[in-house]
Each structure stands twice: as C-alpha cells, then as structure tokens.
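> How does the following fold in three dimensions:
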Amino acid sequence: MKIWAHRGCSQRYPENTMLAFEKAGEIKGLEGIELDIQLTRDGRMVVIHDERVDRTTDGIGYVREYRLKELRKQKIDVGAGKSEVVPTIEEVLDLLENKIKKGLKLNIELKNSVYPYKGMEEKIVELIGKRGVEESIVYSSFYGASLERIRKMVPKAAIGILDQKISDCLYKVKGGCGADALHPYWKEIDMPREQIEKYPVRAWFRGHLYPEKPTGAVLDLEELERKGITDVFLNEPERYLS
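Residues are numbered from 1 along each chain as shown. Sure thing, here's the model as predicted:
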C-alpha cells in the first residue's frame, strides 16, 4: 500500500499550509503529497481546497474574488499564536524541490469542478514543465474535460480521475477523460477487483482535519488492498509510516 499525505499532514497541522507540507516532507517512506489548486482573480495558482476561504482562514468569500495580494491578508491559525497564509503552488514547489528530486511525488488536484477556471490547465502544465519535475507529478480532478486537456498537452502525464464511486471513475475513463488512474472514495469500491486491477486505485477519505482531534482509529490496509486499492490519501500518514 502506497501512502500519501492528504493536503500535507492535515490532522496535526492546518491543511494545505507550508507547515503541513514541510512536516509531510520529513516522513520516510511517503509516496507523495496531495494538494489542491485554484486561481485568484489575477490568475495566480494558490493552494487551497474549498472554493471559499471561510473554513480555513479568518477571511470570508470566494478564492476567485480575491487578488493574490488581497488573499494573502487572510490568516490561517496554526496555534501557539502563529499564523500562515494561503501558499502559491510555486512556494510549495520551492519547499519540496529537493524531496521531489529524490523521489517524492506530488498529486495536484485541479479544483475546477465547481468553477472551471479558464486556463488553469495550461498554467500548471507550463509551470511543471519549467521546473523539470513532470515525472513526479500526478494531475487529478473531478472534471473530466480538464484532464482531457492536460492529456492533450502532456501525452505522458500521470492522470487520476476523481469521483465517489469507482464505477463512476471508470465510466469517465471510458468516456475519454484521459486518466490512467482511478481516485474514488474509499467506501465506494463497487466493482470486483478483477475489473479494476490494471489501474492504480488511489482512495481518498473525509473529515478529521486539524483542529479536530484524532479518532484513534487505524485503517486495515490489508483489507483495502484486497479490494483493489493501491494507494491511500491520509490526513495522518505519519501514524502509518512512523
């Protein structure tokens, strides 16, 4: 089972922050880090999950309504009287560059299924190309047309299609989204392993993000593997790789 840090180490530290990514980068044996990108009003790629800033910052409103300079005024509480700001994807790549060159992968989810940010595919593909880390990147999205555009630009890109049920992921693949991996919700593996075993199956989970307290539950990774899951995006990867 390959383990990824979901939005960084997002159980112990605020999700999609430089702190959460820094801590994830320190974990030995980690397959990679998953994060989310959106566009600001002035076209900058920022790392944040929700379309609104309300839940994770002290601000209010939609990411797409803020210019980068304005968005950076919103604070993310990291405890002990300290705070961070919403990072740009360039800052995250700078932070993890050495780790990526040593084998750490990065799953970049394009958050464009609610608001299909125009030109985001071209922006991220161009940036990754300039950084020379194409082989370490997995692109994912719930929006199949977005992935199809990436496939046309980068024929050899690693691409994962997101959905609730694995059957819906496979439906999108057969519809031509260009994905070569399935990214379903871990409880929605509604197909026999024999029908999905030729694909990487990277399962995602919900809830229990900082500052929520850990539940103490431990996943049965062997059971998940028997269902055909090959990778898991976990909020608390350090618990499994310590």
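
> For Gly29, grab the count of nearby residues.
Using other Cβ atoms under 10 Å, Gly29 is surrounded by 10 other residues. In short, each C-beta sits where N, CA and C put it, glycine included.

> for Glu148, same thing?
18.

> so where is this protein shaky, pLDDT-wise?
Counting by pLDDT under 70, the chain shows no low-confidence range.

> can you pull out the helices in it?
Applying DSSP state H to the chain gives helices spanning 18-25, 68-71, 89-101, 120-131, 144-153, 166-174, 193-196, 221-226, 238-241.

> just how off-centre is the fourth one within its chain?
The chain centre lies 16 Å from the centre of helix 120-131; the measure is Cα atoms, centre = their mean, to the nearest Å.

> Just the angle for it relative to helix 89-101, thanks.
For helix 120-131 against helix 89-101, the angle by axes from the mean of the first three to the mean of the last three Cα atoms, to 10 degrees is 50 degrees.

> Can you get me a residue count around the residue nearest to Tyr210 when sequence neighbours are not counted?
Nearest residue to Tyr210, sequence neighbours excluded (Cβ to Cβ, 6 or more residues apart in numbering): Pro14, at 5.2 Å. Neighbours of Pro14 under the rule other Cβ under 10 Å: 23.

> and the gap between Pro14 and Leu209?
For Pro14, the distance to Leu209 (Cβ to Cβ, to the nearest Å) stands at 8 Å.

> Turn the helices of the chain into CSV, including distance to Lys2.
Compiled in CSV, these are given as follows (distance: least, Cβ to Cβ, whole Å):
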stretch, distance to Lys2
helix 18-25, 14
helix 68-71, 33
helix 89-101, 16
helix 120-131, 21
helix 144-153, 21
helix 166-174, 17
helix 193-196, 16
helix 221-226, 10
helix 238-241, 11
